[in-house]
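Engineer: Next input, structure requested:
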Amino acid sequence: MVGLIGRKLGMAQIFGENGMMIPVTVIEAGPCPVLQVKTEETDGYRAVQLGFGEIEDKRLNRPELGHIKKHGGKNARVIREFRVEDGSELNSGDVLTVEKLEVGAIVDVAGISKGRGFQGVRKRHGFSGGPASHGSKTGDLPGSVGASAYPNRVWKGKKLPGHMGDVNVTVQNLKVVQIDPERNLVLVRGAVPGGPRSLVTIRLAVKSKKGN
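Structural biologist: This next block holds a predicted model:
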């Protein structure tokens with residue numbers, strides 16, 4: 001399977017055959033039309049462009065419409081590209097759905113994490129902080145971070161306050177628990193990045209952990 005584009009709907013819990021509760025994330029994945037198949041001969045590398053979500057022509061600009069019509073694809077609200085070793089089995093206009101997945105498959109899910117804004121070192125990096133009583137004024141401060149004589153500056157990479165979240169995150173080795181082809185739903189065990197309705201991509205796991 002090349003991959004799928006979807007939206008995270010939220011988390012739920014189901015019960016397995018042995019009666020144990022399984023935390024799952026519900027993802028609406030696909031249908032994803034193939035917009036373009038790139039090859040080494042024409043583009044210098046192998047990849048497949050997939051679309052997700054319907055959109056009217058008037059919502060797209062001329063370059064986007066021209067690209068889609070050139071390759072015979074369908075209008076898509078979201079376009080993502082997946083690198084492949086061999087995409088010869090796919091053609092523009094093909095549609096990928098959750099039926100390409102199997103229950104028990106191990107997948108990697110990528111998305112954009114929730115943005116937390118500007119945060120201090122206690123929340124951003126898990127610092128313990130300073131004393132909280134007897135007039136201390138260092139509770140939320142990071143403390144000393146540099147020397148005066150040498151190097152006379154702050155080393156790059158120090159853990160300091162700053163922007164937190166809103167970055168690309170990939171959660172690896174999640175197990176597919178259930179598939180609902182009629183509603184284009186796939187349930188994976190565990191949590192995935194982002195909030196409800198956020199975009200995610202699903203691919204078969206590159207490295208699968210033992211015992212999963």
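Engineer: Quick check: can you list the domain ranges of the protein?
Structural biologist: 4-115+168-204, 116-127+144-165 (automatic domain parsing).
Engineer: nearest to Gly135, of those?
Structural biologist: Gly135 lies closest, by Cβ to Cβ, to one member of the domains of the chain: domain 116-127+144-165, at 19.3 Å. (C-beta placed from N, C-alpha, C; glycine too.)
Engineer: For that closest one, buried residues please.
Structural biologist: 120-122, 124, 161, 164 (16 or more other Cβ atoms under 10 Å).
Engineer: which element is the closest residue to Met11 other than its chain neighbours on?
Structural biologist: Of all residues not flanking Met11 in the chain, Thr25 sits nearest, at 5.3 Å (Cβ to Cβ, 6 or more residues apart in numbering). Assigned by DSSP states H and E, Thr25 falls within strand 21-29.
Engineer: Check which residues of that strand are buried.
Structural biologist: Neighbour-count burial for strand 21-29 [16+ other Cβ under 10 Å]: 24-29.
Engineer: Kindly reformat the residues you listed as CSV containing distance to Asn184 and pLDDT.
Structural biologist: Formatted as CSV, those follow (distance: Cβ to Cβ, whole Å; pLDDT from 0 to 100):
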residue, distance to Asn184, pLDDT
Val24, 16, 95
Thr25, 15, 96
Val26, 11, 96
Ile27, 9, 96
Glu28, 6, 94
Ala29, 6, 92
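Engineer: With distance to Val103 added, can I get these in JSON lines?
Structural biologist: Shown next, in JSON lines, are the buried residues of strand 21-29 (distance: Cβ to Cβ, whole Å):
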{"residue": "Val24", "distance to Val103": "12"}
{"residue": "Thr25", "distance to Val103": "15"}
{"residue": "Val26", "distance to Val103": "15"}
{"residue": "Ile27", "distance to Val103": "14"}
{"residue": "Glu28", "distance to Val103": "17"}
{"residue": "Ala29", "distance to Val103": "14"}
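Engineer: quick revisit: could you pull up the residues touching the residue nearest to Met11?
Structural biologist: Thr25 makes contacts with 8, 10-12, 109, 187-188, 190-192, as judged by Cβ atoms under 8 Å, 6 or more residues apart in numbering.
Engineer: what about whichever strand or helix holds Glu81, average pLDDT?
Structural biologist: Element membership of Glu81 [criterion: DSSP H and E] is strand 78-83. Average pLDDT, strand 78-83: 91.
Engineer: Likewise for stretch 128-142?
Structural biologist: 83.
Engineer: Repeat that for stretch 147-160.
Structural biologist: Rounded mean pLDDT across stretch 147-160 is 86.
Engineer: Just the CA trace of it, in CSV.
Structural biologist: These are the backbone C-alpha positions of stretch 147-160, laid out as CSV (Å, rounded to 0.1, in the frame of the first residue of the first chain):
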residue,chain,number,x,y,z
ALA,A,147,29.8,31.2,31.3
SER,A,148,31.2,34.7,31.5
ALA,A,149,34.8,34.3,30.4
TYR,A,150,34.5,31.4,28.0
PRO,A,151,32.7,30.9,25.7
ASN,A,152,31.1,34.3,26.6
ARG,A,153,27.9,33.2,25.0
VAL,A,154,25.1,30.7,25.3
TRP,A,155,25.7,27.4,23.6
LYS,A,156,23.4,26.5,20.8
GLY,A,157,20.8,23.8,21.6
LYS,A,158,20.2,24.8,25.2
LYS,A,159,16.8,24.0,26.5
LEU,A,160,15.1,27.4,26.9
